[in-house]
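Asker: Sequence first, then the predicted structure, then my questions.
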Amino acid sequence: MLKGIGVISWEFLTEMPKDGMTSGGIFPAIVGTLLLVLGSMLVAFPIGIMSGICMSEYVKDGFIKRFVTVMTNNLAGIPSIVFGLFGMEFFVNELKWGDSIIAGSFTLGLLAIPIVIRITEESLKSVSKTFREASMALGATKLQTTYKVVLPIAMPNIVTGLILSLSRVSGETAPILFTVAAYFLPKLPNSIFDQVMALPYHLYVISTSGTNIEASRHMAYGTALVLIIIVLMFNLLANWLRKYLSRKVKMN
Amino acid sequence: MEKQFKDKESIEDVMQMQEPSKQNRTVKIESRNMELYYGEFHALKGINIAIKTNSVAALIGPSGCGKSTFLRSLNRMNDLIDGVKISGQVLIDGKDIYNSKALRIEELRKKVGMVFQKPNPFPKSIFENVAYGLRVNGISHKSFIEERVERSLKQAALWDEVKDKLKKSAFELSGGQQQRLCIARALAIEPSVLLMDEPASALDPISTAKIEELIYELKSDYTIVIVTHNMQQAGRVSDMTAFFYLGELVEYDSTKKIFTNPEDLRTQNYITGRFG
Amino acid sequence: MKTIFKKVISKFVEGLLMMSGTVTTLAVLFIVFYLFKESLGLFNMTPVEDSYSVLVNKNNPVKKLSAQQIKLVFDQEITNWKQLGGNDAEIELFRTEDISNYYSEDEIGKNFEHLAQRINEHIEKHRGIIAFVASEYEMKNAASVPLSVDKITLLELMKGKEWFPTAQPAAQFGVLPLLMGTLLVSLGAILLALPFGIAAAIYLAEIADTRFRNIAKPLIELLAGIPSVVFGFFGLVVIVPMVQQWFNLPVGETALAGSIVLGIMALPTIITVSEDALHNTPRSMKEASLALGANKWQTILRVVIPYSISGITTAVILGIGRAIGETMAVLMVTGNAAVIPHSILQPVRTIPATIAAELGEAPLEDYILKHCSF
């Protein structure tokens, strides 16, 4: 992977690909990946977090809870390519969104939802029962207890988990293969119904089926390195936020 | 959203709630033929007890005898556990807390404060811990909260130790201080009953002594029910003592009588340390 | 006034929470249901493409063939109707383009206007013919009858040895090669990853000093987060040439390369999860064993591992799960040949890789889902 360092330059990061992807940069792919991460975040976070809260705080143990848990776990275990298949059949064909950012975002969002639910649920569950009891004993309602006591305590873990889920989303190739990713598109998207390039797919394309594999090899090294750096940054950010937030929660 | 309302109004709301029955030494808490099941397990069997206003009642008995369960049923904390069934009556100020439509569960818990076995301050600042109960009850008047926090901390004999670091995390306090903070937190919403579930069991002897002293002082304003494993403690702090055994209330009498001349043989055996 | 307003707000928020829970559940159900529906659709399809027909002479007693039989016929592996339960007659193959061998351009017509008629005549003349023609050239009440082709059945799906969804005249849907490919690659990956993974976990949990552990563990966790396509790329530029050199193969893209890459991908999961399990063995248990005179290795083998075996099993299952479902890395390094592999040095293709490679070509892959997700 060290070979990638030599390739990376300001131009590599900010220019459009040129000459059948053998030179130029990967700017559109970076933008595409960031857009997809943002989109899937918008899809997965609100519903995932709220479902997690609902599951952990409101639904009583019993058949429904077991059923939903089994279902979400199942969903989390499905290979990502199957999400891609579903995304293509449903969002692209059935809803006629075509290959677009929105279809890709929804597909990636669906992939992330089970993870988000599980993270939220686990983090809330690990909050000691005594805090809930203390709050209830002071006359707080369940909702007040949840958002004034339980959520702040669980926040560092939730945020960390969410960022890690984003790091997973940013590296996924299979789900975007047929829902959004463009093979070669040296321009930036104009609307959410446009196709974009994305880093993982770009790497896949130029390392296996590019027009000139040998000539674009150095591009592939660079792309791989950029992808790793993005994932690394997500991880470091998650770690730092966990430390920062848990200090802050104690303080305030 | 709280700010949209006049704070004065809400203060008055709270002030009104705690007025009644402060001075008359009548029965404050009463249970009649109360039964409690955890699923199949019969945890409390026909409990009849009457606790007077502004007195301290100690609940003693071996582990698993139902004393904590009884304590938690007085502010309906058992509702949080799945599979609990309760029959019979529990009256506070003459109102049935389980079957009264007029009494909201949050109102009840505001009136009946609770201190837990282990100190459990929230991961917030000392000030915010005490202010929490006020805030969740819809009070946002700043000076009122400040005044109430100070008074509660003074009542809990903690003010002098923490007055310079109210903004610091509650976790920086020692175990004994944390427990007194929890007492202050419970006092801030001005309950009339204070339930204490082995409040000193996790503390060192000096902190325990402080808590006991505090209980003695609080007695004049509150009705206190305390669960304890420590019989000397029960003897020191309480006016009345109830002995629970295997889910039954075996004996309930003045503390002096229970510890010197118990009627039931089981009580006698427990007091003298033959079992438990 | 104030309390009412508050009540409304809190009821609203609680309602919102419950609703999102419900929506998620419904969405999950919907996805599962949708995938099932689509995949069951496969069993109502004939393997012959919609706008084509397989025709035979109307005097031919054989009216029904399976997809596999048709394929064998057109591959000239079955050459006599007797083998298919018909009369003793040679099978004559006919495709639309063969018509020019029998009729002149004039007879067919400039714009193929007489083509249907000519095909009909041809079939009438040859009793042993089997013809694969576009449906538009099939004549009503003619000398030819369309051969009915068996619908795709589950059994055929599982037993079929060939995967060729775009084959003509009859597509082949034997899932066996894909299944075998998946199993082979996953098995290889586990065999490679398990010993290394558990050894590394034991080393980290029991032997390595804390300083090394504190550095190594986050690094390994980081490795688990690297996108699979990067692993695939790594496999392509490092492992594939290596395999090719070692075994002197014409191509390096083999099941072995896939196994190695998948094994490397599964390692971080196996190491971290089983390390956690090992690390959670109560200190008192280890001390008790040591106090009884057991040495370090005896303690690890007889106390620590049995205590944490359930955690290690979880690690292995998680590792396998990742390996089986993995798409991109495998797609990039295994060579993608849908044949039943006879050795790990042959190219194979796994189920997920098949979806990725063929999606968009035909609507038929859906059924594969069942194998992936259930």
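Answerer: Looks like it came in fine.

Asker: near chain A at all, stretch B:66-83?
Answerer: Yes - under the criterion of Cβ under 8 Å from any Cβ of the partner chain, chain A is reached by stretch B:66-83 at B:75, B:77, B:80, B:82. In this view, the C-beta of every residue, glycine as well, is placed from N, C-alpha and C.

Asker: ugh, wrong one, I meant stretch B:98-106
Answerer: Yes - counting by Cβ under 8 Å from any Cβ, contacts between stretch B:98-106 and chain A involve B:E106.

Asker: In a strand, C:F94, correct?
Answerer: Yes - counting by DSSP: H, G, I helix; E, B strand; the rest coil, C:F94 is part of a strand.

Asker: Can you pull out the low-pLDDT segments for chain A?
Answerer: When residues are selected by pLDDT under 70, those of chain A lie in A:1-25, A:181-192, A:209-216, A:249-252.

Asker: Which residues of it lie near chain B?
Answerer: Neighbours of chain B within chain A, by Cβ under 8 Å from any Cβ: A:60-61, A:128, A:130-141, A:144, A:148-149, A:152-153, A:249-252.

Asker: Now a PyMOL select for only the buried ones of those.
Answerer: Those of those that count as buried under 16 or more other Cβ atoms under 10 Å in any protein chain shown are selected in PyMOL with:
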select buried, chain A and resi 131+132+133+134+135+136+137+138+139+140+141+144+148+149+152+153+249+250
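
Asker: which ones among the residues of chain A next to chain B come in contact with chain C?
Answerer: Checking the residues of chain A next to chain B against chain C by Cβ under 8 Å from any Cβ, the ones in range are A:141, A:144.

Asker: hmm, back to that, take the residues of stretch B:66-83 next to chain A and write them to JSON lines, including secondary structure and distance to B:E251.
Answerer: Formatted as JSON lines, these follow (DSSP: H, G, I helix; E, B strand; the rest coil; distance: Cβ to Cβ, whole Å):
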{"residue": "B:N75", "secondary structure": "coil", "distance to B:E251": "24"}
{"residue": "B:M77", "secondary structure": "helix", "distance to B:E251": "25"}
{"residue": "B:L80", "secondary structure": "helix", "distance to B:E251": "30"}
{"residue": "B:D82", "secondary structure": "coil", "distance to B:E251": "32"}
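
Asker: What's the ChimeraX line that selects buried ones from the residues you listed?
Answerer: The ChimeraX command for the buried members of the residues of stretch B:66-83 next to chain A (criterion: 16+ other Cβ under 10 Å) is given here:
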select /B:75,77
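
Asker: Spell out which parts of the stretch 1-150 of chain C neighbour chain A.
Answerer: C:10, C:13-14, C:16-18, C:20-21, C:23-25, C:27-29, C:31-32, C:34-35, C:38.

Asker: B:E172 is in contact with B:K165, isn't it?
Answerer: Yes - using Cβ atoms under 8 Å, B:E172 is in contact with B:K165, at 7.5 Å.

Asker: what are the ranges of the strands in the chain?
Answerer: All of this is about chain A. Under the criterion DSSP state E, chain A contains strands at A:17-18, A:23-24.

Asker: actually chain C
Answerer: C:52-57, C:64-65, C:92-95, C:129-134, C:144-146, C:148-149, C:163-164, C:172-173.

Asker: Same question for the stretch 1-150 of chain B.
Answerer: Taking DSSP state E, counting those that start in this stretch as the criterion, the stretch 1-150 of chain B contains strands spanning B:27-38, B:41-52, B:56-60, B:84-92, B:95-96, B:112-115.

Asker: So what touches the fifth one?
Answerer: The reference is to strand B:95-96. Residues outside strand B:95-96 that contact it (Cβ atoms under 8 Å, 6 or more residues apart in numbering or on different chains) are B:89-90, B:102-103.

Asker: rewinding a little: would you turn the residues of stretch B:66-83 next to chain A into CSV with pLDDT?
Answerer: Shown next, in CSV, are the residues of stretch B:66-83 next to chain A (pLDDT from 0 to 100):
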residue, pLDDT
B:N75, 87
B:M77, 86
B:L80, 78
B:D82, 77
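
Asker: Which one of the residues of stretch B:66-83 next to chain A is nearest to chain C?
Answerer: Nearest to chain C, judged by Cβ to the nearest Cβ, of the residues of stretch B:66-83 next to chain A is B:L80 at 16.6 Å.

Asker: pretty sure that closest one contacts A:A134?
Answerer: No - with contacts counted by Cβ under 8 Å, B:L80 stays clear of A:A134, the gap being 11.7 Å.

Asker: Which helix runs longest in the chain?
Answerer: Just so you know, I chose chain A. Longest helix in chain A by number of residues (criterion: DSSP state H): helix A:217-251.

Asker: Please refer instead to chain C.
Answerer: Max-length helix for chain C by DSSP H is helix C:2-41.

Asker: what's it packed up against?
Answerer: helix A:27-53, helix A:63-77, helix A:80-87, helix A:101-125, helix A:142-144, helix C:368-373 (3 or more Cβ pairs under 8 Å, 6 or more residues apart in numbering or on different chains; DSSP states H and E).

Asker: Spatially, what comes nearest to B:E263 if we skip its sequence neighbours?
Answerer: Of all residues not flanking B:E263 in the chain, B:E251 sits nearest, at 6.2 Å (Cβ to Cβ, 6 or more residues apart in numbering or on different chains).

Asker: got a list of what C:R302 touches?
Answerer: Contact partners of C:R302, counting by Cβ under 8 Å, 6+ apart, are C:289, C:294.

Asker: Let me fix that, I meant to ask about C:F33.
Answerer: C:F33 neighbours (Cβ under 8 Å, 6+ apart): none.

Asker: And the pLDDT for it?
Answerer: You'll see C:F33 listed with a pLDDT of 75.

Asker: Over to C:G335?
Answerer: pLDDT at C:G335 comes out at 66.

Asker: just C:E105 next, same as before
Answerer: With respect to pLDDT, C:E105 has a value of 70.
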